[in-house]
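Asks: below are the sequence and a predicted model for it; my questions follow.
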Amino acid sequence: MTEIDTVDKAATDPDRPQPYAELGLKDDEYARIREILGRRPTEAELAMYSVMWSEHCSYKSSKVHWRHWKENTTPEMQAKLLAGIGENAGVVDIGDGWAVTFKVESHNHPSYVEPYQGAATGVGGIVRDILSMGARPLAVMDPLRFGAADHPDTKRVLPGVVAGIGGYGNCLGLPNIGGEVVFDPSYQGNPLVNAMCIGAMRVEDLQLAKASGVGNKVILFGARTGLDGIGGVSVLASESFSDDEDVASRKKLPSVQVGDPFTEKVLIECCMELFAQRLVVGIQDLGGAGLSCATSELASAGEGGMHIELDKVPLRAKGMTPAEVLSSESQERMCAIVRPEDVDAFMRVCQKWDVLATVIGEVTDTGRLVITWHGETVVDVPPRTVAHEGPEYHRPIARPADQDELQADDPAKLPRPSTPEELRETLLRLISSPNLASKEWVTSQYDRYVRGNTVLAQPSDSGMIRIDEETGRGVAASTDCNGRYVKLDPYVGTQLALAEAYRNVATTGATPLAVTNCLNFGSPEDPGVMWQFEQAVKGLAEGCRELGIPVTGGNVSFYNQTGSTAILPTPVVGVLGVIDDVRRRIPTGIGAEPGETLILLGETSDEFGGSEWAHVVHGHLGGRPPQVDLAREKLLAEILVAGSRDGMLSAAHDLSEGGLAQALVEAALIGQTGARIILDEDQDPFVQLFSESAGRVLVAVPRTEELRFTEMCTARGLPWRRIGVVDPESNALEIQDVATFPLDELRQAWEGTLPALFD
Amino acid sequence: MKIGVITFPGTLDDVDAARAARAVEAEAVPLWHADDDLRGVDAVVVPGGFSYGDYLRAGAIARFAPIMQSVVDAARRGMPVLGICNGFQILCEAGLLPGVMLRNVGLHFVCKDQWLRVENTETAWTTRFEPGAEILIPIKNIDGRYTASAETVRELEAEGRVVFRYVEGNPNGSINDIAGICSPDGRVVGLMPHPEHAIDALTGPSDDGLGVFYSVLDATRSLVTA
C-alpha cells in the first residue's frame, strides 16, 4: 500500500528527487523551502507549499502592487473600516451598530471546464468567506462575462453557469440582487464567473480568522473531506501509489469540486447559532488549498503554533494520503478555534443541525504548525512561511507596442446614422444587441425574494437590501466594468468602472461607502498584461482616494486567456453604499408619480471610443474611452442622495453603455410608461442619443419638485437639462424629430434577444 | 392567535412566513422538524425551501419528520394548515393534499411576479378575498408543475377545491393552470406561489398576500367560538 513520507524519513533520505516542478514550484522556490526547513520537505509539506505559493493563493505576481492601496488610503477613509485587506472579507460600519461585509471572488477556470459546478462552488466559496467574518450572508450578485452570444460554446457555458448559480444560491436561500452579463469574443475560451456576497452582523460580533489561546481546540466541521478538487497534488498520489488501480481511480475524479448547497445552508444556520452562543474564538472557511490554507493561515495570524492530528479528519474516500487530505478542496467545510470548556456546547449545536464536527487539533505556543498522521509527524513548518511569506515577483512591465496604434484608431471616422430613419434603426439594433438586451432570461432563474428584504434587484442600477427591519437601514451594491474601456486605457478605464459602480449606488439613493474588486487579467508573464494590471490598480487606488472611499479587499485572477490571447482586461469594481431608510430608495422605472419631468444630469460629449455602438454596428474597438471626472461624480452622487432624502426624485437611471437612448428605453419599459423627449437643437442627435459620456443620470422629478430640484443643481454647479416629460397615456417613447417607438415594439426588441439565443 | 412556522433543515422562507404572521398581528411560533410538539398553535404554515436538500424528491423526506405527524393529526381535526411551494410539495407527500409537482415545462428555475385568480374564497386561508379576485404574488421554483390523475383533477374542479389559478400565462405547465388547491374541508391549502413574499410593496410586487394570513385569523376565531 502507501508509504507515508514523514519528517523523520526526510532526514534519512535528504536527496530523494521530488516532483516540485510538476506542482508548479520553480527551482529557486523549492530551494527556498529547503532552506526554511533545513531539509527536504515531506510530500505533505511540498503539497502545502506548492498550493499556498501558487498564484491563486499567494498573489505572488500582484502583491508588489498593493502598495497603491496603502499609499492612497487616508485615515479618514479608514474611519468606517472594521476589517480590511488581508481578512477574509472587508467589513464596514454602516451605522446603528450594524457592520456589513462584502467581497467578490472569481471562479473563472472551473466554470469553463464544468460550467454548472464551477459556478455553483464559486457561490458557495464566497458565501463561506462572508460567514467566516461572523456575518449572516444576506445576498449575492454575479458579474459574468461570456464569449460571443451567438458562438456555439457560449450556448454550453452560459446556461450551465446560470443554472449553477441559481441551483446553489436558490437552495441556500440567498436572494440574487444583481450583477452583470457581458458578451465579448475575448472571453470565448475563458468566461469570467465572479461571485459577490454581502453579509451583515452587529459590530460587536465581528470574527477574525486567527488561532489564539494556547490549548484551544481546532474543530473541523461541515462536509467530509474527499478527493475532489485536489488538482495538481494528484502528481504526488501517482508517485506514492504502487497499486495501478488506485492511481487510475484517482485520475477519474473531477478536478472541479462538486457543491452541495443543502449542506452549506445547514452550515450557515449552524454557524449563526454558534456565533450567537459565543462559542467561537476564531473561524476560517475552507476554500482554495483546503486544510493547508485554513490551518496555516489560522496559525500564522494567531499565537503562531498549532498541532493537527490529520488522521482525525473524517474522510469520504479510502486510502487518502496526508498530502491529499491537506490539499482537498471538498466544499462546505469550516474550521473553528474553540475554548476547551466550550467544546461540548459546540458539539451540541452541530448535532442539532446534523453537522459533522471533529476536534482535529489544538493551538500551541511552539511557533510551528505540526501535523501528525497516526502519530508520525508529516508536517513541521513555521506557518508564516506557508501562509504569508510566499514568493513575491517583480514581473516585467511594458506598455504594449500597439497601444498607441489602438488609441489612434479613432471611432470618429466611422460612418454615423443621421436621418431619423437611420437613428430609429440604430436604436432598435442597439437595444436588442446581446450586451444591451434585457437579462431577464438570466435573472428570472435566480430567487430575488427569499428572506423578504430585497428592495431593489435587477434590472435596477444597484441591488438594495434592508438590513434593519425596525429602522429601514439598508445597503445598496453594484458591480461594473467595461473591459473595452480598460483595454483602450487601463488607468482611465478602471476609474470609469469605479465611477459607474459608484454612480449606480448613488442613483438608487444610497451613499457610497466602500469598494471591493475582482481583477481579471491575462498572463502575468506577459509584460503588456502586467502593464494593464499596474495601471488598473493605480487607477482604482487613486480614484478611490479622490472619491474618499476605501478599498476593503479584493481578488486577483490571472491567466485568463485562450492560447496567447488575453481577455479584455476586466477589473470588476464593486461599490457598497448605505441608505438610512430603504423606503427612500429611488426606483429605475418612470411613471410612479402623476406628472413627471425628465431631466438629464451631467454633460454629453462626442465620445464613442469603446462604445457599444462602435462594437455592435462596426465591430470597432479603438480610440480613447470617455473622460472621467471623479469630482463631478462625487457632486452628482451628493445631488442624488439629497434628492432621495428630500423626496425630490421619483425615478433615476444611470447612463452607461448605449447612452441616453438605452437609459430612456429601460426607464420606460421598467416603469411601463411612455415619455416625450425633446433633444437639444444645438447638438447632433446621434451624439445625444448614443454617446457614452460618463457622469450622467436620467432622473424623473415630480412637477411639484422640479423648481426646487433644478435650483439645487444650479446652485451646486451640476449641469442639467430638461429633456422631456413622462406621458402615461401614450404607451410610446416619442423622441421628437427622430421617431415614435410604441412600448410594445421596444419590449419585443429588448426582451426577445436572450430567449432566442438560449432557449 | 398563534401561527406556527415549521423549520426543516433546508427550509428557506421560514423568516418570511413568520414576518407575514406578525404583519397580521398574529404571534409567529417557530416549530422544529425534529419535535412533535405543536406548542399550542392555532394554525400552521409549512414554508418553502429545499427541505433536506430535496434529495430523492421534493418533500419526500420531510413528510417523515416528527413534526409532520403532529401536523397531519391536527389537520385531520380541522387545524388550518398552509403549504407554500416546498411546503405544498410536503403536504402532497404527506397525503393531506392530492397530486404531485413535476419539473417546470421550461426545465428552468422560474422566479417571477405572477397573477393568480382566487377561485375559492371559503377556505380557511382565503375568506378575506373577493370571489374571482386577481392577485399578484411571486412564484419561484423549479419543480412547480402541478399534476394529478384525470380523476383527481375532475374531483378537485367539481368540488371547487382549486383555490388559486394562474392567469395571464401559466409559468410551469400546471394542469388546468392550477396554482393551489385545498382539502375537502377547506382547512388545508397548498399553493406554489409565495403569498409571504407579497406583504409589502417595498419588498414584494404587492401586498396581496396579506389576505391569506388575515383570512386564517377569521378561520381560527370561528373555530374557537364554534
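Replies: Good, I have the coordinates. Remember, predicted model here, so these are calculated numbers, not experimental data. Numbers count the residues shown, from 1 in each chain, chains lettered A, B, ... in the order given.

Asks: going by C-alpha atoms from here, please, whenever you check contacts or count neighbours.
Replies: OK.

Asks: can you tell me the closest non-neighbouring residue to the spatially most central residue of chain A?
Replies: Among the residues of chain A, the smallest C-alpha distance to the mean C-alpha position (Cα atoms, centre = their mean) belongs to A:Val104, namely 2.5 Å. In space, not counting the residues next to it along the chain, A:Val104 is nearest to A:Met196; the distance is 4.1 Å by Cα to Cα, 6 or more residues apart in numbering or on different chains.

Asks: wait, the one you found touches A:Pro137, no?
Replies: No: counting by Cα atoms under 8 Å, A:Met196 stays clear of A:Pro137, with 10.6 Å between them.

Asks: if we can go back for a sec, isn't there a strand covering the residue nearest to A:Val104?
Replies: Yes: counting by DSSP: H, G, I helix; E, B strand; the rest coil, one finds A:Met196 located in a strand.

Asks: burial of it, as a residue count?
Replies: Counted by other Cα atoms under 10 Å in any protein chain shown, the residues lying close to A:Met196 total 30.

Asks: kindly report the same for A:Val181.
Replies: The burial metric for A:Val181, expressed as a neighbour count using other Cα under 10 Å, is 21.

Asks: specify the beta-bridge partners of it.
Replies: A:Val181 has the following beta-bridge partners by DSSP bridges: A:Leu144.

Asks: which residues of chain B lie near chain A?
Replies: Where proximity means Cα under 8 Å from any Cα of the partner chain, the interface of chain B facing chain A comprises B:9-10, B:12-13, B:15-16, B:49-50, B:52-53, B:108-112, B:138, B:140, B:197, B:202-204.

Asks: quick check: the residue nearest to the centre of chain A is in a strand.
Replies: Yes: checked against three-state DSSP, A:Val104 lies within a strand.

Asks: make sure it is actually in contact with A:Gly179.
Replies: No: contact criterion Cα under 8 Å: A:Val104 and A:Gly179 do not qualify, at 10.9 Å.

Asks: so who does A:Trp66 touch?
Replies: With contacts defined as Cα atoms under 8 Å, 6 or more residues apart in numbering or on different chains, the neighbours of A:Trp66 are A:Val537.

Asks: repeat for A:Cys713
Replies: Listed by Cα under 8 Å, 6+ apart, the contact partners of A:Cys713 are A:639, A:719-720.

Asks: okay, and which of those residues map to helices?
Replies: Among the contacts of A:Cys713, the members falling in helices are A:Ile639 (criterion: DSSP state H).

Asks: so where's the chain shaky on pLDDT?
Replies: In the absence of a named chain, chain A is used. A:1-2, A:231-255 (pLDDT under 70).

Asks: I was after chain B.
Replies: Looking along chain B with the criterion set at pLDDT under 70, you get B:222-226.

Asks: residue ranges of the helices in it, please?
Replies: Per DSSP H, chain B carries helices over the ranges B:14-23, B:66-76, B:86-93, B:150-158, B:210-225.

Asks: name the helices or strands packed onto the shortest one?
Replies: The helices and strands touching helix B:86-93, judged by 3 or more Cα pairs under 8 Å, 6 or more residues apart in numbering or on different chains; DSSP states H and E, are strand B:43-46, strand B:81-84, strand B:100-102, strand B:188-191.

Asks: parallel or antiparallel, which strands does the first one pair with?
Replies: Going back to what we said before, that points to strand B:43-46. Strand B:43-46 has these partner strands in its sheet, going by DSSP bridges: strand B:2-7 (parallel), strand B:81-84 (parallel).

Asks: and that strand, how far from the chain's centre?
Replies: Mean-position distance between strand B:43-46 and its chain equals 8 Å (Cα atoms, centre = their mean, to the nearest Å).

Asks: and for that strand, what's in contact with it?
Replies: Residues external to strand B:43-46 that are found in contact with it (Cα under 8 Å, 6+ apart): B:2-7, B:17, B:71, B:79-84, B:86-88, B:90, B:216, B:220.

Asks: likewise for the shortest one?
Replies: The set of residues that contact strand B:100-102 without belonging to it, under Cα under 8 Å, 6+ apart, is B:89, B:92-93, B:143-148.

Asks: show the buried residues in these.
Replies: By the neighbour-count criterion of 16 or more other Cα atoms under 10 Å in any protein chain shown, those include these buried positions: B:89, B:92-93, B:143-147.

Asks: from start to finish, how long is stretch A:14-28 in a straight line?
Replies: Taking Cα to Cα, to the nearest Å, stretch A:14-28 runs 17 Å from one end to the other.

Asks: no, scratch that, I was asking about stretch B:155-167
Replies: In terms of Cα to Cα, the two terminal residues of stretch B:155-167 are separated by 21 Å.

Asks: quick check: buried residues in it?
Replies: Along stretch B:155-167, the positions that meet the burial threshold by neighbour count (16+ other Cα under 10 Å) are B:156, B:160-167.

Asks: one more: stretch A:360-373?
Replies: Judged by neighbour count using 16+ other Cα under 10 Å, the buried positions of stretch A:360-373 are A:360-365, A:367-373.

Asks: quick one: it to chain centroid distance?
Replies: 34 Å.

Asks: with stretch A:698-708 instead?
Replies: For stretch A:698-708, the separation from the chain centroid amounts to 35 Å (computed by Cα atoms, centre = their mean).

Asks: so which bits of that stretch are buried?
Replies: Under the neighbour-count criterion of 16+ other Cα under 10 Å, stretch A:698-708 has A:698-703, A:705-706 buried.

Asks: closest one of the buried ones among the contacts of strand B:100-102 to chain A?
Replies: B:Asp143 (12.2 Å; Cα to the nearest Cα).

Asks: you'd agree that closest one is up against B:Asn104?
Replies: Yes: between B:Asp143 and B:Asn104 there is a contact under Cα under 8 Å: 5.5 Å.

Asks: if I look at B:Leu56, how far off is chain A?
Replies: Distance from B:Leu56 to chain A, counting by Cα to the nearest Cα, to the nearest Å: 13 Å.

Asks: residues from the stretch 451-600 of chain A in reach of chain B?
Replies: Taking Cα under 8 Å from any Cα, the part of the stretch 451-600 of chain A that reaches chain B is made up of A:451-456, A:583.

Asks: all the strands of the stretch 251-400 of chain A, residue numbers only.
Replies: Under the criterion DSSP state E, counting those that start in this stretch, the stretch 251-400 of chain A carries strands at the ranges A:282-285, A:305-309, A:333-338, A:357-364, A:369-373, A:376-381.

Asks: of the ones you listed, which is nearest A:Asp8?
Replies: Ranking those by proximity to A:Asp8 (Cα to Cα) places strand A:376-381 first, at 7.6 Å.

Asks: next step: the buried residues of stretch A:698-708 restricted to strands.
Replies: Counting by DSSP state E, the members of the buried residues of stretch A:698-708 that fall within strands are A:698-702.

Asks: count of neighbours near A:Lys318?
Replies: The local packing count at A:Lys318 equals 9, with neighbours defined by other Cα under 10 Å.

Asks: quick check: phi and psi on it?
Replies: Taking degrees, to the nearest 10, you get phi -90, psi 150 for the backbone angles of A:Lys318.

Asks: for it, give its distance to chain B.
Replies: In this view, A:Lys318 and chain B are 25 Å apart by Cα to the nearest Cα.

Asks: do the same with A:His620
Replies: On the measure of Cα to the nearest Cα, A:His620 and chain B end up 36 Å apart.

Asks: and for that residue, the neighbour number?
Replies: A count of neighbours around A:His620, defined by other Cα under 10 Å, yields 18.

Asks: likewise for B:Asp218?
Replies: As a burial measure, B:Asp218 scores 16 neighbours (other Cα under 10 Å).
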